[in-house]
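[1] just a sequence and a predicted model for now, questions to come.
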Amino acid sequence: NAGVTQTPKFQVLKTGQSMTLQCAQDMNHEYMSWYRQDPGMGLRLIHYSVGAGITDQGEVPNGYNVSRSTTEDFPLRLLSAAPSQTSVYFCASSPQGASTDTQYFGPGTRLTVL
Amino acid sequence: AQKVTQAQTEISVVEKEDVTLDCVYETRDTTYYLFWYKQPPSGELVFLIRRNSFDEQNEISGRYSWNFQKSTSSFNFTITASQVVDSAVYFCALTKDTGRRALTFGSGTRLQVQP
């Protein structure tokens, strides 16, 4: 198993550009989520999904869209990038069977918005 | 609302010293889960331990041990005989027992182990 994979690893955008951060997992996990990590603030939940076709907002959803058309993939879209979205983005997944089972994180995407 | 506080921003120790990382949490839920994650300089997040609110037994895994005390809402992490490879940022996190599984993270403690 590759686990949770994220692409790209690094990305530089200009203000107003759009892009999609990719996240995929091959563990057949139903639960997937996106977090952002800012210096001195730990990680904060952006969006999450409890299964294909179901998504919901987390703590800091503004400026981001998600969709979940398959169990494996959970892309995060930035519609119009802003400097405030400069951050490291982590995708995580966990199985649905046991409640609050451990979430496994991808390697992260470092995004800079100029 | 849930909250996790890691008051120690940065700790520096010399190799072979013992070090304890503090974690204090706030929650109104009776059922909840606590986690520790390690983030080495390479940047990935590595799961270390999960503990549920009904299990206050301390846990030991090699040089790592965890002390969970509901009376003080703390879930502290001790590294015995620290090594340079332990240098990382350590995060404590909390989630309640729902399908949402949103992790509330502390701000992290950066541990520097000097040779």
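    Right, received. Where do you want to start? Numbers count the residues shown, from 1 in each chain, chains lettered A, B, ... in the order given.
[2] would you map the strands across chain A?
    If DSSP state E is used as the criterion, the strands of chain A fall at A:4-7, A:10-13, A:19-25, A:31-37, A:43-51, A:54-57, A:64-66, A:76-78, A:87-94, A:104-105, A:109-113.
[3] chain B too?
    B:3-5, B:10-14, B:19-21, B:24-26, B:32-39, B:46-52, B:59-61, B:64-69, B:74-79, B:88-96, B:104-105, B:109-114.
[4] what residues does chain A put near chain B?
    A:31, A:33, A:35, A:40-45, A:48, A:50, A:56, A:58-59, A:88, A:90, A:94, A:96, A:99-100, A:102-108, A:110 (C-beta under 8 Å from any C-beta of the partner chain). Any C-beta I mention is one placed from the backbone N, CA and C, and that applies to glycine too.
[5] now those: which count as buried?
    A:31, A:33, A:35, A:42-45, A:48, A:50, A:58, A:88, A:90, A:94, A:100, A:103-108 (16 or more other C-beta atoms under 10 Å in any protein chain shown).
[6] quick check, the residue in chain B closest to chain A?
    residue B:105 (3.4 Å; C-beta to the nearest C-beta).
[7] grab the nearest non-local neighbour of that residue.
    Residue nearest to residue B:105 in three dimensions, not counting chain neighbours: residue A:42, with 3.4 Å by C-beta to C-beta, 6 or more residues apart in numbering or on different chains.
[8] so how far is residue B:91 from the one you found?
    The gap separating residue A:42 from residue B:91 is 6 Å, by C-beta to C-beta, to the nearest Å.
[9] now for those two: what residues contact both?
    Any residue near both residue A:42 and residue B:91 by C-beta atoms under 8 Å, 6 or more residues apart in numbering or on different chains counts here, and that gives B:105, B:106, B:108.
[10] do stretch B:43-62 and chain A meet?
    Yes: using C-beta under 8 Å from any C-beta, stretch B:43-62 reaches chain A at B:43, B:44, B:45, B:47, B:50, B:52.
[11] buried residues, that stretch. List them.
    For stretch B:43-62, by 16+ other C-beta under 10 Å, it's B:45, B:48, B:49, B:50, B:51, B:53.
[12] quick one: residues contacting the last one.
    Shown here is residue B:53, whose contacts under the criterion C-beta under 8 Å, 6+ apart are B:29, B:30, B:31, B:32, B:33, B:34, B:70.
[13] report the buried members of the residues you listed.
    Among the contacts of residue B:53, those buried by neighbour count (16+ other C-beta under 10 Å) are B:32, B:33, B:34.
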